[in-house]
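What follows is a predicted protein model with its sequence.
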Amino acid sequence: MPPTQYSTALKSGKKDIQTRAAAEQSTELPCLDSILEKVEIRGEVPLGLIDIPTELIVGTKTKARTTSFAPNFMPILDEFSEFAVKWKSLCDAHLREGIRDPIVAYEYMNKYYVLEGNKRVSVLKFFDAASIPGYVTRIIPAWKDTKEIRIYYEFLDFYNATNINYLSFSQEGGYRKLCLRTGHQRNERWSPDDRMDFNSCYIQFSEAYQKMGGDKLSSTPADALLIYLELFSYDQLKEETVSQIEDNLEKIWEEIELNQPDEEEDEKVALKLDPTPDQKKNILSHILTAASRTADDNLKIAFIYNKTAETSSWTYAHELGRMYLKDAFHGRVQTSVYDNNATPEDASASIEKAIADGNQIIFTTTPVFLSSSIKAAVNHRDVKILNCSLNASHKYIRTYYARIFEAKLLTGVLAGILTDTNKIGYIADYPIIGMAASIDAFAIGVKMVNPGAKIYLEWSTLKDNQNVDLTEKLYQLGATYISHQDMIVPQHATRRYGLYRVNGETPVNLAFPVWDWGKFYERIIRNIQHGTWNTEGKSESGKAVNYFWGMSSGVIDVVWSPAIPSETRNLLETLKRSITRYEFNPFDGILHSQEGIVQADPNHRMSTKEIISIDWLADNIEGFIPTVSDLREETQPVVKQEGIRREEDI
């Protein structure tokens with residue numbers, strides 16, 4: 001063997017040590033026995049003879065051989081040592097006929113530690129072998145509620161179903177999401193053909209990812225693959241070449257960079273709580289604005305609806321917002337509706353149709369259409385697409401929602417004052433992100449004025465509640481005041497909306513929250529016309545922009561019944577002004593959930609992002625947050641996309 005091969009390996013080992021020393025990292029090859037000294041072990045499982053991904057072999061089982069290798073498994077002993085002679089001999093054997101003898105190793109936390117065959121691993125790593133055969137024993141740590149352990153236990157479930165051991169995710173839920181995006185249910189057994197197809201796709205994707213510079217990111221190839229499969233289908237990936245995958249990765253590279261696991265959430269999303277103030281314009285700006293007004297007046301705006309305005313209160317609210325634009329712009333913008341899109345595939349077709357029809361701005365009005373919106377935005381960079389959803393960090397679109405929890409607090413205060421039984425009903429629909437905050441805000445409002453009252457929570461989308469009159473059910477429990485949907489469904493007019501009183505006869509409406517989408521849409525369109533849209537994008541470079549406006553912007557309000565006593569109305573209006581000025585937040589101070597204290601500091605104010613992510617119920621609520629499997633089938637897609645506890649059913 002030419003001496004240059006061992007010399008090259010030796011240089012690589014010494015360079016690795018120098019680099020790690022400069023970065024103040026450990027310069028020793030990890031030893032599993034040392035790692036396990038402080039770990040509680042649940043058990044050991046022999047896996048038999050398997051192919052071990054070379055990149056996942058990170059250390060030795062015992063301390064004896066750690067001094068022979070650098071952390072990258074390259075040799076560090078003198079070229080004329082006995083160790084070097086044996087290494088060179090193995091290298092010669094590999095070049096002549098290949099190293100076939102299996103190693104013996106232990107797997108812990110999806111990393112492998114060699115007991116027998118360290119030099120074989122070193123040689124094969126030197127030649128960039130993809131995998132090494134080995135007899136493996138898995139060491140399973142005892143359950144501990146940490147992110148690292150939770151991800152590993154997800155891997156164990158995935159491995160039991162697939163026998164795939166080369167995937168590594170940085171965030172929870174990755175393995176379960178991958179199953180869904182490749183057409184498998186959770187814990188469904190993969191066939192040999194399934195594994196072969198996926199392995200082929202993964203090898204090609206990893207190659208393209210590395211060519212694009214993936215090794216410089218903190219995301220693993222598996223992390224990036226999840227994002228890819230959200231925007232391009234698995235069936236499409238199976239037909240693509242490496243160069244085609246590279247072309248698609250180039251389109252979505254900003255998205256992959258944005259979603260690196262070590263990025264803080266604050267670094268990913270720019271959350272806009274109020275409209276950006278209009279920029280003061282000089283005379284030249286006014287002249288240029290006037291000159292471009294003709295182009296602005298030709299703006300074509302599309303609204304993509306899940307249902308129709310006649311059959312859905314949610315769609316009806318957005319349709320009122322669209323009609324508001326006609327008056328606000330005196331007919332100088334054109335709007336069109338693409339409704340009754342039952343599936344994301346229908347939405348994708350409608351978005352493409354809207355773009356083909358010349359629409360420059362598209363509002364997709366449900367979280368179910370988030371993926372469809374992103375896919376369209378990737379391929380149509382000149383079209384502005386906004387999706388009505390919460391908690392999304394996507395660079396190519398903007399999302400919007402409203403702080404409805406502010407209005408729910410006020411209706412909760414009113415219910416707490418008026419109740420004559422100390423039993424108050426609350427009917428919710430979808431257990432999606434932001435819903436728990438609204439329910440809790442209502443409950444906190446009740447508790448502010450009536451600590452002895454209880455809220456009885458029901459979900460209209462539960463399988464068990466199908467064909468159940470929930471108002472009557474709550475009334476039979478003793479609840480004479482009930483909070484229900486915020487708006488009526490035009491085709492099914494009813495008084496069961498907002499906060500209403502029941503006494504066995506016709507409900508009496510006392511207050512209801514208002515989603516004034518028209519004000520939001522008007523302001524966004526004017527921002528686009530005046531250039532504020534571009535200014536926001538530049539000032540938040542590298543971040544996704546989310547609009548989350550509330551009472552301070554006028555997008556959220558409450559309509560009160562004249563029957564409410566004036567003294568009570570004054571109290572509510574005073575509280576409303578405090579919320580509008582950001583002087584009061586329902587989630588200020590000490591907070592109690594059904595499980596105990598959530599927030600113990602009386603001076604703490606929960607951040608907006610923490611409020612959005614609330615997944616607990618206040619301690620004066622009788623009820624629970626359902627998972628996907630608790631819901632009727634037709635209601636599951638939106639919860640799988642945006643659910644509070646969707647991961648439990650993925």
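On my side now, so go ahead.

and the nearest residue to residue 170 once chain neighbours are set aside, how many neighbours does it have?
Nearest non-adjacent residue to residue 170, counting by Cβ to Cβ, 6 or more residues apart in numbering: residue 261, 3.5 Å away. C-beta coordinates here come from the backbone N, C-alpha and C atoms, glycine included. By other Cβ atoms under 10 Å, 13 other residues sit near residue 261.

same question, residue 25
Burial measure for residue 25: 10 neighbouring residues, criterion other Cβ under 10 Å.

swap in residue 320?
Residue 320 has 16 neighbouring residues, counting by other Cβ under 10 Å.

Could I get the buried residue list for the helix or strand where it lies?
Per DSSP states H and E, residue 320 falls inside helix 313-328. Within helix 313-328, the residues scored as buried using 16 or more other Cβ atoms under 10 Å are 313-322, 324-325, 328.

before we move on, the earlier item: would you confirm that the residue nearest to residue 170 contacts residue 168?
No. Counting by Cβ atoms under 8 Å, residue 261 stays clear of residue 168, with 11.0 Å between them.

and the helix holding residue 320, average pLDDT?
Helix 313-328 shows a mean pLDDT of 93.

Kindly export that helix (C-alpha atoms) in CSV.
Extracted as CSV, the C-alpha positions of helix 313-328 are listed here (Å, rounded to 0.1, in the frame of the first residue of the first chain):
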residue,chain,number,x,y,z
SER,A,313,-70.1,31.1,9.5
TRP,A,314,-66.3,31.2,9.1
THR,A,315,-66.5,31.7,5.3
TYR,A,316,-69.4,34.1,5.7
ALA,A,317,-67.2,36.3,8.0
HIS,A,318,-64.5,36.4,5.3
GLU,A,319,-67.0,37.1,2.6
LEU,A,320,-68.3,40.1,4.5
GLY,A,321,-64.7,41.2,4.5
ARG,A,322,-64.4,40.8,0.8
MET,A,323,-67.6,42.8,0.2
TYR,A,324,-66.3,45.5,2.5
LEU,A,325,-63.4,46.1,0.1
LYS,A,326,-65.8,47.1,-2.7
ASP,A,327,-67.0,50.1,-0.6
ALA,A,328,-63.6,50.8,0.9
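
May I have the strands that pair with whichever helix or strand comes after it, each with its orientation?
Next helix or strand after helix 313-328 toward the C-terminus (DSSP H and E): strand 334-338. As defined by DSSP bridges, the strand partners of strand 334-338 come to strand 300-304 (parallel).

Need the CA coordinates for the strand it pairs with. CSV is fine.
Output of strand 300-304 as CSV, limited to C-alpha atoms (Å, rounded to 0.1, in the frame of the first residue of the first chain):
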residue,chain,number,x,y,z
LYS,A,300,-57.1,41.7,-8.8
ILE,A,301,-57.6,39.9,-5.5
ALA,A,302,-58.8,36.3,-5.1
PHE,A,303,-60.4,34.7,-2.0
ILE,A,304,-60.1,30.9,-1.7
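
Can you name the residues in contact with that strand?
Identification of contacts with strand 300-304 by Cβ atoms under 8 Å, 6 or more residues apart in numbering yields 318-319, 322, 325, 333-339, 341, 347, 350-351, 354, 357-365, 369, 525.

Mind giving me the ChimeraX command for buried ones among those?
To isolate the buried ones among the contacts of strand 300-304 in ChimeraX, judged by 16+ other Cβ under 10 Å, type:
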select :318,319,322,325,333,334,335,336,337,338,339,341,347,350,351,354,359,360,361,362,363,364,365,369,525
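
And the buried residues of helix 313-328, which is closest to residue 118?
Checking the buried residues of helix 313-328 against residue 118 by Cβ to Cβ gives residue 314 as the nearest, at 61.6 Å.

show me the contacts for the nearest residue to residue 339 once chain neighbours are set aside.
Closest residue to residue 339 apart from its sequence neighbours, by Cβ to Cβ, 6+ apart: residue 305 at 3.9 Å. By Cβ under 8 Å, 6+ apart, the contact set of residue 305 is 312, 315, 318, 319, 337, 338, 339, 340, 341, 365, 366.

got a pLDDT number for residue 305?
Value for residue 305, per-residue pLDDT: 97.

quick one: it from residue 486, how far?
17 Å (Cβ to Cβ, to the nearest Å).

what ranges do the helices span in the stretch 151-300 of the chain?
For the stretch 151-300 of the chain, helices defined by DSSP state H, counting those that start in this stretch occupy the ranges 174-181, 192-211, 221-231, 234-239, 242-258, 265-268, 283-291, 293-297.

Looking at those helices, which is nearest to residue 625?
Among the helices of the stretch 151-300 of the chain, the nearest to residue 625 by Cβ to Cβ is helix 174-181 (18.8 Å).

Just give the closest residue to the residue nearest the centre of the chain, not the sequence neighbours.
Nearest to the geometric centre of the chain sits residue 392, at 5.9 Å (Cα atoms, centre = their mean). Distances taken as Cβ to Cβ, 6+ apart place residue 399 nearest to residue 392, at 4.7 Å, with adjacent residues excluded.

Is it correct that that neighbour falls within a helix?
No. Per DSSP: H, G, I helix; E, B strand; the rest coil, residue 399 lies outside any helix segment and is strand.

now it: how far from residue 431?
Taking Cβ to Cβ, one finds residue 399 at 19 Å from residue 431.

Please apply the same query to residue 25.
44 Å.

show me where the stretch 451-600 of the chain has strands.
Along the stretch 451-600 of the chain, the stretches classed as strands by DSSP state E, counting those that start in this stretch are 454-459, 481-483, 499-501, 508-515, 544-549, 556-560, 591-593, 596-599.

Relative to residue 250, which of those is closest?
So among the strands of the stretch 451-600 of the chain, strand 544-549 is nearest, using Cβ to Cβ, at 19.0 Å.

what sits up against that closest one?
With Cβ under 8 Å, 6+ apart, strand 544-549 has contacts from 258, 268-275, 386, 390, 392-395, 398-403, 520, 524, 536-537, 555-556, 608, 612.

Check which helices and strands the strand ranked longest in the chain sits against.
Taking DSSP state E as the criterion, the chain has its longest strand at strand 41-53. When contacts are defined as 3 or more Cβ pairs under 8 Å, 6 or more residues apart in numbering; DSSP states H and E, strand 41-53 packs onto strand 103-108, strand 131-141.

what about residue 241, how many neighbours?
Residue 241: 10 surrounding residues under other Cβ under 10 Å.

about what we covered before: which of the contacts of residue 305 sits closest to residue 37?
residue 366 (52.2 Å).
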